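1. please work out how this folds:
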Amino acid sequence: MSDQHRFISPDHFHPDPYTNSRATERTLNAAILNAEISRSFEEYFEIFDEFYGDDIEGSSETMEEPIRGKERVRSLLFSFLVPLHAMAEVGGVSISIRETAIPGDAIDETHSAWTLELVWVSGKICTVSWRILRKWNESRVVLEHHYDHQQSGEPLSDRDLMFDAPEAAVALQRPS
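-> From the prediction side, this is the model:
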């Protein structure tokens with residue numbers, strides 16, 4: 001007979017905060033990468049609602065003051081996503097995004113590097129990259145800070161989009 005007692009650690013049921021924030025970060029980033037901006041920008045708002053806390057604080061190294069609150073951050077996100085969606089859906093711009101995790105050791109903090117590549121109809125390429133610091137409270141982002149923004153490629157001009165493509169196609173079909 002044994003006097004040993006078997007105890008189940010509470011950690012068996014609740015992973016430690018470090019593991020939890022890393023797993024949730026991977027899930028959030030996978031959702032962002034799997035969403036398709038040419039199809040819809042609404043997918044991104046569903047992701048935002050799922051992963052971001054009501055008291056989210058958003059900031060970047062170029063902002064004078066952080067933006068606080070889910071509705072204010074949503075408004076900023078809207079002003080970024082809608083033009084991208086229009087460029088992809090109507091303007092024929094090919095958009096791809098990549099993410100790389102950056103190792104860290106803080107319990108409730110994650111870092112990642114992002115690259116957004118825009119390929120215009122004209123063949124011109126613009127690449128934007130940045131890094132994100134996220135602070136987590138359980139499974140919700142409570143702070144997101146964007147830093148180390150870089151851009152390569154030429155600026156966009158009206159010749160880079162195909163907004164006038166239907167008119168050009170009609171003109172080509174008319175008999176002379």
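2. each with direction, which strands does the helix or strand harbouring Glu144 pair with?
-> Using DSSP states H and E, the element containing Glu144 is strand 140-153. Partners of strand 140-153 in the sheet, by DSSP bridges, are strand 52-60 (parallel), strand 125-137 (antiparallel).
3. so what sits opposite the residue nearest to Ile132 when sequence neighbours are not counted in the bridge?
-> Spatially, and ignoring its direct neighbours in sequence, Ile132 is nearest to Ser112 (5.3 Å; CB to CB, 6 or more residues apart in numbering). Every C-beta, even on glycine, is put in place using the N, C-alpha and C of the backbone. Beta-bridge partners recorded for Ser112 (DSSP bridges): Ala101, Ile132.
4. what sits against the one residue sitting closest to the centre of the chain?
-> For the chain, Ile32 is the residue whose C-alpha lies nearest the centre (CA atoms, centre = their mean; 5.4 Å). Contacts for Ile32 (CB atoms under 8 Å, 6 or more residues apart in numbering) come out as 44, 47, 97, 99.
5. show me what the helix or strand harbouring the third one is packed up against.
-> For Ile97, the enclosing helix or strand under DSSP H and E is strand 94-102. For strand 94-102, the contact count by 3 or more CB pairs under 8 Å, 6 or more residues apart in numbering; DSSP states H and E identifies helix 17-34, helix 70-89, strand 109-119 as packing neighbours.
6. so which bits of the second one are buried?
-> Okay, so that is helix 70-89. Neighbour counts over helix 70-89 (16 or more other CB atoms under 10 Å) mark 70, 73-74, 77, 81, 84-88 as buried.
7. before we move on, back to that, and the pLDDT at the residue nearest to Ile132?
-> Note on Ser112: pLDDT of 97.
8. quick check: the gap between it and Arg22.
-> In this view, Ser112 and Arg22 are 11 Å apart by CB to CB, to the nearest Å.
9. count of residues packed around the residue lying closest to Lys135 once chain neighbours are set aside?
-> Spatially, and ignoring its direct neighbours in sequence, Lys135 is nearest to Leu143 (3.9 Å; CB to CB, 6+ apart). Residues near Leu143, counting by other CB atoms under 10 Å, number 19.
10. next: Tyr52.
-> By other CB under 10 Å, the residues close to Tyr52 number 20.
11. so for the spatially closest residue to it that is not a sequence neighbour, what's the pLDDT?
-> The shortest distance from Tyr52 to any non-neighbouring residue, by CB to CB, 6+ apart, is to Val141 (4.8 Å). pLDDT, Val141: 97.
12. likewise for Tyr147?
-> We have a pLDDT of 97 for Tyr147.
13. please name the bridge partners of it.
-> Arg131.
14. Ser94 now?
-> Taking DSSP bridges as the rule, Ser94 bridges to Val119.
15. right, I'll call it a day here.
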